[in-house]
Each structure stands twice: as structure tokens, then as C-alpha cells.
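Enquirer: mind looking at a prediction? Sequence and model below.
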Amino acid sequence: MVAKKKTRHEHYKQPGCPVEATLELIGGKWKGIVLFHLLDGRIRFSDLNRKINCVTQRMLTKQLRELEEDGLVTRTVHAEVPPRVEYELTKEGKTLEPILHALKEWGEAQAIKLLDDRAK
């Protein structure tokens with residue numbers, strides 16, 4: 001088994017910033033999007049990949065593994081042919097729901113306009 005990389009948050013002698021710790025868990029280009037789609041409930045890998053159509057299968061797998069390792073997502077493999085793999089939020093993952101909805105609302109109200117202005 002590969003040794004887990006020590007995160008930046010863990011390098012401090014004093015307790016790290018809670019915002020930094022949260023962003024280490026859910027930050028990155030795809031994790032927030034994955035978590036948002038999992039709010040609807042259990043979903044097959046192929047369906048999740050289709051919903052987030054601009055992520056590679058390899059990157060989606062990597063992000064899901066990290067979320068699983070951090071205890072935010074569970075992975076269920078069904079012994080079928082072909083194999084069926086499903087993901088869903090854990091109890092801890094579900095506590096992110098208000099944060100993810102707030103990000104969505106802010107994105108609708110502000111982010112899209114700010115990104116459009118940046119492109120000009």
C-alpha cells in the first residue's frame with residue numbers, strides 16, 4: 001500500500017485553518033462537482049462520468065478514490081457481468097449539502113458574471 005501523502009494542513013504544529021482543511025478535502029477542479037451530483041443519491045460511475053462530460057475517466061476515478069479515502073464517499077462494487085460500481089455520499093459527505101447549495105447559488109448570482117467579465 002502506498003503511504004498517504006501528508007497534507008499541507010497536517011504540517012502545522014498549531015491547529016491549521018479550518019477553511020484550509022475543508023478545501024484540502026473538497027478542493028480541486030472536480031471534487032465539488034462530483035459531490036454536488038452525489039447529493040441526488042447513489043449513482044453509477046458511468047452515469048456520473050456522463051453528467052460531468054468534460055472530465056477524463058482517469059481523473060474522475062482519482063477524485064472519487066480521494067473522496068472515498070477521506071470518508072466523504074462510499075464505493076459499492078456489484079458482482080455482476082459487466083461489473084457495476086456505484087458511489088454515494090457518506091454521513092459526513094451529506095453534511096456538505098448546505099455548503100454545496102450555497103456554492104451553487106453564489107455561482108448563479110455572481111461567478112458566471114465574474115467569469116464572463118474576465119473573458120472580455
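Expert: In hand now; what should we look at?

Enquirer: so which residue is dead centre in the chain?
Expert: Nearest to the mean C-alpha position of the chain, by Cα atoms, centre = their mean, lies residue 31 at 2.4 Å.

Enquirer: how about that one: what's its closest non-neighbour residue?
Expert: Leaving aside its chain neighbours, residue 31 sits nearest to residue 63 (5.4 Å; criterion: Cβ to Cβ, 6 or more residues apart in numbering). Every residue, glycine included, has its C-beta placed from N, CA and C.

Enquirer: can you give me the pLDDT of that neighbour?
Expert: Residue 63 carries a pLDDT score of 96 in this model.

Enquirer: cool, residue 15 as well?
Expert: Per-residue confidence (pLDDT) for residue 15: 59.

Enquirer: return the set of buried residues in the helix or strand bottoming out on mean pLDDT in the chain.
Expert: The weakest-scoring helix or strand in the chain, judged by mean pLDDT, DSSP states H and E, is helix 112-119 (a mean of 84). For helix 112-119, the buried set under the neighbour-count rule, 16 or more other Cβ atoms under 10 Å, is empty.

Enquirer: in a helix, that's where residue 28 is, yeah?
Expert: No. Residue 28: not assigned to a helix; according to DSSP: H, G, I helix; E, B strand; the rest coil it is coil.

Enquirer: quick one, what contacts it?
Expert: Residues near residue 28 by Cβ atoms under 8 Å, 6 or more residues apart in numbering: residue 63.

Enquirer: check what pLDDT it gets.
Expert: For residue 28, the pLDDT comes out at 87.
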